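S.K.: I need the structure of the sequence given here:
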Amino acid sequence: MREVSGGAYRVSSYVVANAIVFFPFLFAAALLYAAPVYWLVGLRREFHAFLFFFLVIWLVMLTANAFVACFSALVPNFIMGNTVIAGFMGSFFLFSGYFISKERIPKYWLFMHYLSLFKYPFEALLLNEYGGEKGRRECIQRGEGGCVMDGEMFLRRQGMVEDNRWSNLGVMLAFIFGYRLVSLVILWIRTLR
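M.R.: Numbering: from 1, shown residues only. Below is the predicted model of the structure:
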């Protein structure tokens with residue numbers, strides 16, 4: 001804020017530079033995480049499925065980075081920032097659809113399901129694993145009479161549609177740009193004071 005008020009550069013330059021600096025670092029971190037984890041966990045043995053998994057992980061990291069940048073600009077100090085961010089992240093995870101399905105969330109909390117940063121990558125990863133022709137035929141749960149639940153039945157039970165695979169990534173990109181834009185506005189307002 002001191003450098004911006006001194007005219008060294010604009011707030012927009014700072015926000016863009018901050019995003020650009022983290023871009024390759026988070027790419028490398030996502031690759032270092034996704035490459036061993038994907039194959040060790042035993043997910044679909046298809047390279048295109050791995051690439052989609054990696055892309056989702058990278059977008060999760062970029063979304064989290066943009067979210068933290070936004071709330072870092074909003075709060076006055078580090079301790080308050082950690083508290084606010086941890087509270088929001090816990091709430092987002094609770095309403096993502098992992099613990100409580102969308103149908104069981106009370107109507108007055110349903111907006112949190114759609115605002116959750118974890119909902120969209122969670123759905124994208126499930127569609128990556130159990131979608132497509134091979135994923136739909138994969139048996140998830142066996143019983144005495146054979147396959148009790150396959151991938152298609154599982155996705156239907158979760159209320160997921162194959163078409164949402166790419167729209168989930170679009171929402172994640174919107175979160176990234178939206179939080180960066182809000183960060184820009186907050187910093188711009190703070191430097192005017």
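S.K.: gap between residue 92 and residue 179?
M.R.: Relative to residue 179, residue 92 is positioned 13 Å away (C-beta to C-beta, to the nearest Å). (C-beta placed from N, C-alpha, C; glycine too.)
S.K.: And for residue 94?
M.R.: Look at residue 94 and residue 179: by C-beta to C-beta, they are 20 Å apart.
S.K.: the more surrounded of these two?
M.R.: For residue 94 versus residue 179, the count of surrounding residues by other C-beta atoms under 10 Å is larger for residue 179: 22 against 17.
S.K.: The more buried one contacts residue 62, correct?
M.R.: No. Taking C-beta atoms under 8 Å as the definition, residue 179 is not a contact partner of residue 62, at 9.7 Å.
S.K.: Let's test this: name the helix or strand in this structure with the lowest mean pLDDT.
M.R.: Least confident helix or strand, the chain: helix 2-5 with a mean of 66, by mean pLDDT, DSSP states H and E.
S.K.: and the next element down the chain from that one?
M.R.: Per DSSP states H and E, the first helix or strand lying C-terminal to helix 2-5 is helix 11-41.
S.K.: Give me the nearest residue to the residue nearest the centre of the chain, chain neighbours excluded.
M.R.: The centre of the chain sits closest to residue 60, judged by C-alpha atoms, centre = their mean, with a distance of 3.6 Å. Spatially, and ignoring its direct neighbours in sequence, residue 60 is nearest to residue 121 (4.9 Å; C-beta to C-beta, 6 or more residues apart in numbering).
S.K.: Now the host helix or strand of that neighbour: average pLDDT?
M.R.: Using DSSP H and E, the element containing residue 121 is helix 119-130. Confidence for helix 119-130, expressed as mean pLDDT, is 92.
S.K.: can you list contacts of it?
M.R.: Applying C-beta atoms under 8 Å, 6 or more residues apart in numbering, the external contacts of helix 119-130 come out as 43-44, 49, 52-53, 56-57, 59-60, 63, 92, 95-98, 113, 135-136, 138, 140, 151-152, 154-155, 158, 160, 162, 164-165, 168-169, 171-172, 175.
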